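Enquirer: coords please:
(chains A and B)
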Amino acid sequence: MDGDGLRLNMNGLDYLILALYFVTVLGVGFAARRAIRTSVDFFLSGRSLPAWVTGLAFVSANLGALEIIGMAANGAQYGVMTVHYYWIGAVPAMVFLGIVMMPFYYGSKVRSVPEYLRLRFNRPTHLLNALSFAVAQVLIAGVNLYALALVMQALLGWPLWTAIVVGAAIVLAYITIGGLSGAIYNEVLQFFVILAGLIPVTVIGLVKVGGWNGLMDAVGDTKLGEAGLHAWQDTGSTANPLGAHWIGIVFGLGFVLSFGYWTTNFAEVQRALSAKNMSAARRTPIIAAYPKLFIPLVTVIPGLVALVTVKGLGAESGDLQYNNAIPLLMRDLLPNGVLGVAVTGLLASFMAGMAANVSGFNTVFTYDIWQAYIRRDRSDEYYLRVGRWATVAAVVIGIGTAFIAAGFSNIMNYIQALFSVFNAPLFATFIIGMFWKRMSALAGFWSLLLGTLVSLSLYLLYKGGVVDFNSDLEESFWGAGLAFVTAVVVAAIVTPLTSPKRDEELRGLVYGMGGVDLKGDVLAGDAVWYRSPVLLGLIAVALAALFYIPVF
Amino acid sequence: MSNDGQPAQDPLIDEAQAEQRRSAAARLFDIRRVIGGLFVAYGIIVTLIGIFDSRAEIDKAEGVRINLWAGLAMLVFGLLMLLWQWLRPAEAPAPNERQPDA
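Expert: Residues are numbered from 1 along each chain as shown, chains lettered A, B, ... in the order given. The predicted structure is shown next:
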């Protein structure tokens, strides 16, 4: 039977470890329930959380299905170049979000990213973004759920539909009951469980191949070869494993794609909005940048170990696909005990990803669609109820899309890639709107719409075979870049033709208009130098640059 | 108070801000206790498995007593979390300061 080859030899103690985790996750949901009285409690954790909690939740929300499994697969397929997704493709954008953009998000007290667009531009811009975000989140939740079910099927032998329903039911329970606090507290817990699962695989893998030097030597003898050991050396052309020129890496991945994802994706930004004051909100993505710097150690290294030790890894289908790099190592190297922890960590990562999608969706649906356009002026209790029902709906739709994904897994991957390209025009609209006060409301709408249409068209032309690129990755670099330029040009053309917003409407939303209080609700301890967002951010960026030196 | 230093006003956001006064989130429990508790439990289970590991299990992990080491590491981590909570308990919920100064 397909999948039997990956079956792990789990025993009762391994299942005890897994069961303890499930019980704890549900317990956190119930405990968080006591703290929910208002809709702000439910959707934004009452804006009460300390920075280390929101920071770890921020990084955990991104440690979903595609992250762990996918980045290990990339490590095996592309080698050390995979670190670009972390050190240039994430850390600078996270630091930028904390230092530059968070004062506007948190300071304006908006409850979501689309809501910022409503205040800065107008309702059509808001509705466009709220709808596309909501649709994307339930689709991606379905993809996460399907990936979770596939892993449970392959590793534990659970039938696909059981795995989908069990995974969905647990996420549903802890978010419906515990709201964002339930999601965030579980994300912090998941962060540590994921690491506890990945570190033993990495350590034993390194022992097996003779340490770091042994790994470097062995990778040189694989099909990846010497090129798999360098991040920048061969990027003067596209003749490297990733097929990307350094210009594409720096501007496509490092600027447009990564800034688009990290700074405007509400599923991420929501974690920072739940922080207890301005200083904690700004530190949230910056604290998250530090674990992000080190995560390639437990994803890329296992990927390389799998490439060296698993014969025939890299098959088109079956058990030896790159995506199975980490599960294969778990099967080969982990004895019962740590095996249970590793399986728990893997499941935790899928749940963290799905929970981030669902909690982002229910907030945007309730505040930005239901309250803004369908039922205004109801009581807060009413919106709290809507939020709970939206959570149920999101999970049920997620189950539906998971079953669709089961039939068309390629299509779902495309949808995910597509929505990542949608972020580029959104980022362009944001960044111009934040720094150019003259940009008019209509310009915001047309920048967002036309930028999105350009990236969508290029994507469809590429898929239809009309336009040719070296790889999907290259297409997404170009799509994102082109969408960004389009949004900028449209803003420059439309703005002079339309009337500006009044200055007092832009207070707290636009750079240089005042209304942003960086010391808002500051606590005595927040003034110390080691809690300065700017200093912490600069150190993170410097570390990212330093980390490149040994693998240049 | 004058409106200086305040961001632009919006009715939907103002309502949410007003509701926040009723917020119960300040009474949240401390996640460090949960993390500490789970890891202490994991540490004890995995360490015990590690003590009784057979030769075959140690050989599977390339000769590393991984259950023992991972178990002890998780135990220490869990205890450190509990110690952190014990030494620096969560700050008492401050009286809600975020009310508009109207």
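
Enquirer: can you give me the neighbour number for residue A:468?
Expert: When counting by other CB atoms under 10 Å in any protein chain shown, one arrives at 9 neighbours for residue A:468. To be clear about C-beta, it is placed using only N, CA and C from the backbone, and glycine gets the same treatment.

Enquirer: what does the pLDDT read for it?
Expert: You'll see residue A:468 listed with a pLDDT of 82.

Enquirer: and for it, nearest residue in space, chain neighbours not counted?
Expert: Leaving out its chain neighbours, the residue that sits closest to residue A:468 by CB to CB, 6 or more residues apart in numbering or on different chains is residue A:462, at 7.6 Å.

Enquirer: with residue B:46 instead?
Expert: The nearest residue in space to residue B:46 (CB to CB, 6+ apart) is residue B:71, at 3.4 Å.

Enquirer: what's the neighbour count on that neighbour?
Expert: Residues lying near residue B:71 (other CB under 10 Å) number 24.

Enquirer: what's the answer for the one 4 residues further on, then?
Expert: Residues within reach of residue B:75, counting by other CB under 10 Å, total 19.

Enquirer: what kind of secondary structure is it in?
Expert: Put simply, residue B:75 is helix when judged by DSSP: H, G, I helix; E, B strand; the rest coil.

Enquirer: do you know the pLDDT at it?
Expert: Looking at residue B:75, its pLDDT reads 96.

Enquirer: would you mind measuring from it to residue A:55?
Expert: Residue B:75 sits 25 Å away from residue A:55, going by CB to CB, to the nearest Å.

Enquirer: still on that earlier bit, show me which residues of whichever helix or strand the residue nearest to residue B:46 is part of are buried.
Expert: Secondary structure from DSSP states H and E places residue B:71 in helix B:66-87. For helix B:66-87, the neighbour count (16 or more other CB atoms under 10 Å in any protein chain shown) marks B:66-71, B:73-75, B:77-78, B:81-82, B:85 as buried.

Enquirer: looking at these, which is nearest chain A?
Expert: For these, the closest approach to chain A (CB to the nearest CB) belongs to residue B:67, at 4.1 Å.

Enquirer: where does residue A:419 land on pLDDT?
Expert: You'll see residue A:419 listed with a pLDDT of 65.

Enquirer: no wait, residue A:19
Expert: Taking residue A:19 on its own, its pLDDT is 93.

Enquirer: so which of the buried residues of helix B:66-87 sits lowest on pLDDT?
Expert: pLDDT across the buried residues of helix B:66-87 is lowest for residue B:85, at 87.

Enquirer: what sits against it?
Expert: Residue B:85 makes contacts with B:30, B:32, B:33, B:36, as judged by CB atoms under 8 Å, 6 or more residues apart in numbering or on different chains.

Enquirer: so what's the backbone phi/psi at the third one?
Expert: Listed backbone geometry of residue B:33 is phi -70, psi -40, with angles given as degrees, to the nearest 10.

Enquirer: next one: it from residue A:21, what distance?
Expert: 16 Å.

Enquirer: likewise the last one?
Expert: Residue B:36 sits 15 Å away from residue A:21, going by CB to CB.

Enquirer: in terms of neighbours, single out the busier of these two.
Expert: residue A:21 (25 against 21).

Enquirer: surely residue B:43 is in contact with residue B:76?
Expert: Yes - using CB atoms under 8 Å, residue B:43 is in contact with residue B:76, at 7.4 Å.

Enquirer: need the residues touching each of those two.
Expert: Contact criterion CB under 8 Å, 6+ apart; no residue bridges residue B:43 and residue B:76 by contacting each.

Enquirer: give me the residue from the stretch 401-550 of chain A nearest chain B.
Expert: Taking CB to the nearest CB, the stretch 401-550 of chain A has residue A:508 as its residue nearest chain B, at 2.4 Å.

Enquirer: do the stretch 1-150 of chain A as well
Expert: Closest point on the stretch 1-150 of chain A to chain B, by CB to the nearest CB, is residue A:46, at 2.5 Å.

Enquirer: what about the residue of the stretch 401-550 of chain A closest to chain B, distance to residue B:10?
Expert: Distance of residue A:508 to residue B:10, given as CB to CB: 10 Å.

Enquirer: of those two, which one has the most company?
Expert: Comparing residue A:508 with residue B:10 by neighbour count (other CB under 10 Å), the higher total belongs to residue A:508, at 22 against 17.

Enquirer: show the pLDDT at the more buried one.
Expert: 83.

Enquirer: isn't residue A:281 right up against residue A:271?
Expert: No - with contact defined as CB under 8 Å, residue A:281 does not reach residue A:271; the gap is 9.4 Å.

Enquirer: the stretch 51-200 of chain A against chain B: which residues are in contact?
Expert: A:53, A:107-111, A:115, A:118-119, A:181, A:185, A:188-189, A:192-193, A:196, A:199-200 (CB under 8 Å from any CB of the partner chain).

Enquirer: buried subset of the residues you listed, written for PyMOL?
Expert: To isolate the buried members of these in PyMOL, using 16+ other CB under 10 Å:
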select buried, chain A and resi 53+107+108+109+110+111+115+118+119+181+185+188+189+192+193+196+199+200
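
Enquirer: which of the residues of the stretch 51-200 of chain A next to chain B fall within helices?
Expert: Mapping those onto helices (DSSP state H) picks out A:53, A:107, A:115, A:118-119, A:181, A:185, A:188-189, A:192-193, A:196, A:199-200.

Enquirer: identify, from the residues you listed, the entry nearest to residue A:295.
Expert: For those, the minimum distance to residue A:295 (CB to CB) is 11.3 Å, reached by residue A:199.

Enquirer: you'd agree the closest one is up against residue A:298?
Expert: Yes - counting by CB under 8 Å, residue A:199 touches residue A:298, with 6.2 Å between them.

Enquirer: near residue A:312, how many residues? Count them for me, please.
Expert: 8.

Enquirer: now swap in residue A:375 and tell me
Expert: 11.

Enquirer: swap in residue A:464?
Expert: Neighbours of residue A:464 under the rule other CB under 10 Å: 8.

Enquirer: show the pLDDT at it.
Expert: Each residue has a pLDDT score; the one for residue A:464 is 84.

Enquirer: next up, the contacts around the nearest residue to residue A:297 once chain neighbours are set aside.
Expert: Among residues not flanking residue A:297 along the chain, residue A:202 sits closest, at 6.7 Å (CB to CB, 6+ apart). The neighbours of residue A:202, taking CB under 8 Å, 6+ apart as the test, are A:297, A:298, A:301, A:302, A:305.

Enquirer: if you rank those residues by neighbours, which is first?
Expert: residue A:305 (29 neighbours).

Enquirer: now that one: closest residue in space, sequence neighbours ignored.
Expert: Ranked by CB to CB, 6+ apart and with sequence neighbours excluded, the top spatial neighbour of residue A:305 is residue A:205, at 3.6 Å.

Enquirer: and chain B, is stretch A:363-382 touching that?
Expert: Yes - remark: stretch A:363-382 sits within contact range of chain B at A:367, A:371, A:372, A:380, by CB under 8 Å from any CB.
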